[in-house]
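here are the coordinates; sequence isn't available:
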């Protein structure tokens, strides 16, 4: 984890001691019944430290302490605490009361005597719609810091009511090593008499869920029309054996700190490609989760553990998410690479009652105003769709079925605009080339259509025409168009059409510097076009005669020598250098006589 040499005081005036040791080890009750112990020195806490305790008989130690009074406002308007000594914790979050406030929270932890870098804690966007009437709190994601002692908190923006620091330390268990768990399955192909296989899933009992923490009964849908992909944004430093404890921490935080009825996601996938049961109710049943506000009905939510704005997902992750998606969708004959029209029950992106056409496998940001599932995971959704489709592909498999909107719990509103023929998007996704959206036909025929182009799910400012010309800013990003069609007296219908990743041409120069004594020295230079920040990646293949050398692009700063061990024959005089391309750049080839 990155380290920082910044002083814990950060230039703030320490006007008073933030934590005072209580004589006799007094105990103060924190928010939501959490326990704050102010110790005089223990085996796991220095004098005056905040000490976690597991008061409910579990092995997940917990602390919730009001933090607003411990923050000092700096000259830059940022509120920051001093370094708060603690007993050992491994997860941190901040909660508050009220949905109007949007504080920007960052924390850093002290591990092995060194402070981590400041880590932003995104606001959790998965508030369950069915828990609206419960005593729920707003909060950040729960960050996995690993075993740490001391924490520092920084808050930008207005301080909301009941701002509370939450620390958790789920104790490791012997069973966390996973002995006896089924290994992850590789992707297989569906056959006519064998539906897409159920992947290996670590159950709630296996990862140690305390069923007394949840309340209420699971709710079930009658079909699965979509798979929503998320990330937990909780950090990427966890080990294989940390994951069960991390899940127990998520579960404790969701139910006991935020006040949810259960963990929100149906399934969770770790960076090692293992799949874990999330929300209770049975993995084989269409359990309604609480993960995608406005679109939980008739869907499954799969969340990848980690922050995929910060790192790229592993291939094991892509395979695991695809396997879960194929299995859940194939049971209801859904095409993983298809689209479906669903009705929003109300999100911060689509009003209640709006009909929205979305990919069958989409990202959280497609339905809500959020960065989830992280830009680097979002860019891999086409791979997840294609791998899931490969599992489900066979005669009659994965045929699209009509998705009926759920029966409204209140009197229905206006009839939505009907899609007669779907809109389409086409064109080469190359810098300088256009991508064209062509609207379909609708009922009523007088309906008006508006376009908004998106880059990695975020609107491109001012790009509201049917045609988008790909620019350098698009390179390596997923392009899509949102088509909204409305008519007087009708609720609008929204179509979200992925266009795919945009590529730029690469420029390759080949300089055969010297040929002597049967050796050829070649310098290859591979460049991105002007205006593109990302460099090309991948491999370059150099061939002459019967010789072939493969070189990583990042190693092209050194000349390539052919014939070093076995001299080239004089007749070998045609040099061919090939770059295969990557997600951001097209391939190219140079051939010349030497």
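Yep, that arrived. Keep in mind it's a predicted model, so treat the numbers as computed, not measured. Residues are numbered from 1 along each chain as shown.

Let me know the helix or strand that residue 250 is in.
Secondary-structure element containing residue 250, defined by DSSP states H and E: helix 243-252.

quick check: mean pLDDT across that helix?
On average, the pLDDT along helix 243-252 is 96.

Low-confidence ranges, the stretch 401-550 of the chain, go.
Flagging of the stretch 401-550 of the chain using pLDDT under 70 yields the residue ranges 401-414.

ugh, wrong one, the stretch 101-250 of the chain
The stretch 101-250 of the chain contains residues with pLDDT under 70 at 126-135, 179-180, 182-194.

Tell me where it has strands.
With DSSP state E, counting those that start in this stretch, the ranges of strands along the stretch 101-250 of the chain come out as 104-111, 114-115, 119-121, 138-139, 143-148, 151-156, 164-170, 201-202, 226-231.

Please work out which of the ones you listed is packed deepest.
Highest mean neighbour count of these: strand 226-231, a mean of 28 (counted as mean count of other CB atoms under 10 Å). Every C-beta, even on glycine, is put in place using the N, C-alpha and C of the backbone.

Show me what it packs onto, helices and strands only.
Contacts defined by 3 or more CB pairs under 8 Å, 6 or more residues apart in numbering; DSSP states H and E place strand 226-231 against strand 299-304, helix 315-330, strand 361-363, helix 375-378.

Looking at the ones you listed, spot the one closest to residue 426.
With CB to CB as the criterion, residue 426 lies closest to strand 361-363 of those, at 20.3 Å.

Give me the helices and strands touching that closest one, please.
For strand 361-363, the elements it packs on are strand 226-231, helix 381-392, judged by 3+ CB pairs under 8 Å, 6+ apart.

Can you give me the domain assignment for this protein?
Domains of the chain are assigned by automatic domain parsing as 27-171, 175-392, 418-501, 507-593.

can I get the helices and strands packed on strand 226-231 in TSV with mean neighbour count and mean pLDDT?
Below are the helices and strands packed on strand 226-231 laid out as TSV (neighbours: other CB atoms under 10 Å; pLDDT from 0 to 100):
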stretch	mean neighbour count	mean pLDDT
strand 299-304	27	97
helix 315-330	25	94
strand 361-363	28	96
helix 375-378	22	90
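
Present the ones you listed as CSV; the columns should include distance to residue 230.
CSV is the format used below for the helices and strands packed on strand 226-231 (distance: least, CB to CB, whole Å):
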stretch, distance to residue 230
strand 299-304, 4
helix 315-330, 10
strand 361-363, 8
helix 375-378, 9
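
hey, what's residue 494 bridged with?
Going by DSSP bridges, residue 494 is paired in beta bridges with residue 356, residue 484.

ok, now the one 4 residues further on?
On the basis of DSSP bridges, residue 498 takes part in beta bridges with residue 480.

still on that earlier bit, report all helices and strands that the helix holding residue 250 contacts.
When contacts are defined as 3+ CB pairs under 8 Å, 6+ apart, helix 243-252 packs onto strand 60-66, strand 89-96, strand 164-170, helix 204-207.

let's go with 10 Å and repeat that
Applying 3 or more CB pairs under 10 Å, 6 or more residues apart in numbering; DSSP states H and E, one finds that helix 243-252 contacts strand 60-66, strand 89-96, strand 143-148, strand 164-170, strand 201-202, helix 204-207, strand 267-269, strand 275-277.

follow-up on the earlier one: return the most buried member of the domains of the chain.
Stretch with highest mean neighbour count among those: domain 175-392 (a mean of 21; mean count of other CB under 10 Å).

Format the strands of the stretch 101-250 of the chain as TSV; extra columns: distance to residue 458.
Formatted as TSV, the strands of the stretch 101-250 of the chain follow (distance: least, CB to CB, whole Å):
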stretch	distance to residue 458
strand 104-111	18
strand 114-115	32
strand 119-121	17
strand 138-139	23
strand 143-148	24
strand 151-156	21
strand 164-170	30
strand 201-202	33
strand 226-231	16
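
Would you mind saying which of the ones you listed lies nearest residue 347?
Once the strands of the stretch 101-250 of the chain are compared by CB to CB, strand 226-231 is nearest, at 11.5 Å.

Could you list the paired strands of the closest one along with their orientation?
By DSSP bridges, strand 226-231 pairs with strand 299-304 (parallel), strand 361-363 (parallel).

what about those, which gets the closest to residue 593?
Nearest to residue 593, of those and by CB to CB, is strand 361-363 at 49.4 Å.

How far off centre is the closest one?
Using CA atoms, centre = their mean, to the nearest Å, the mean C-alpha position of strand 361-363 is found 11 Å from that of the whole chain.

correct me, but residue 440 touches residue 421?
Yes. At 4.2 Å, residue 440 and residue 421 qualify as touching, with contact defined as CB atoms under 10 Å.

did I read that right, residue 577 in a strand?
Yes. Under DSSP: H, G, I helix; E, B strand; the rest coil, residue 577 sits within a strand.

Make 45 the starting number, not 1.
Sounds good: first residue 45 from here, last item residue 621.

how far away is it from residue 576?
Taking CB to CB, to the nearest Å as the measure, residue 621 falls 21 Å from residue 576.

The helices and strands packed on strand 270-275: which one's closest to residue 614?
In terms of CB to CB, the element of the helices and strands packed on strand 270-275 nearest to residue 614 is helix 359-374, at 44.0 Å.

Quick one: distance of the closest one to the chain centre.
Remark: helix 359-374 is offset 15 Å from the chain centroid, using CA atoms, centre = their mean.

swap in stretch 127-144?
With CA atoms, centre = their mean, you get 22 Å for stretch 127-144.

Next: stretch 347-360.
In terms of CA atoms, centre = their mean, the gap separating the centre of stretch 347-360 from the centre of its chain is 6 Å.

And for stretch 616-635?
That offset, for stretch 616-635, works out to 34 Å (CA atoms, centre = their mean).

cool, and stretch 144-159?
Relative to its parent chain, stretch 144-159 has a centroid offset of 20 Å by CA atoms, centre = their mean.

can you give me the strands for the stretch 495-638 of the chain?
With DSSP E, counting those that start in this stretch as the criterion, the stretch 495-638 of the chain has strands at 502-503, 511-513, 522-530, 537-545, 551-560, 563-571, 583-588, 591-596, 604-606, 618-623, 632-637.
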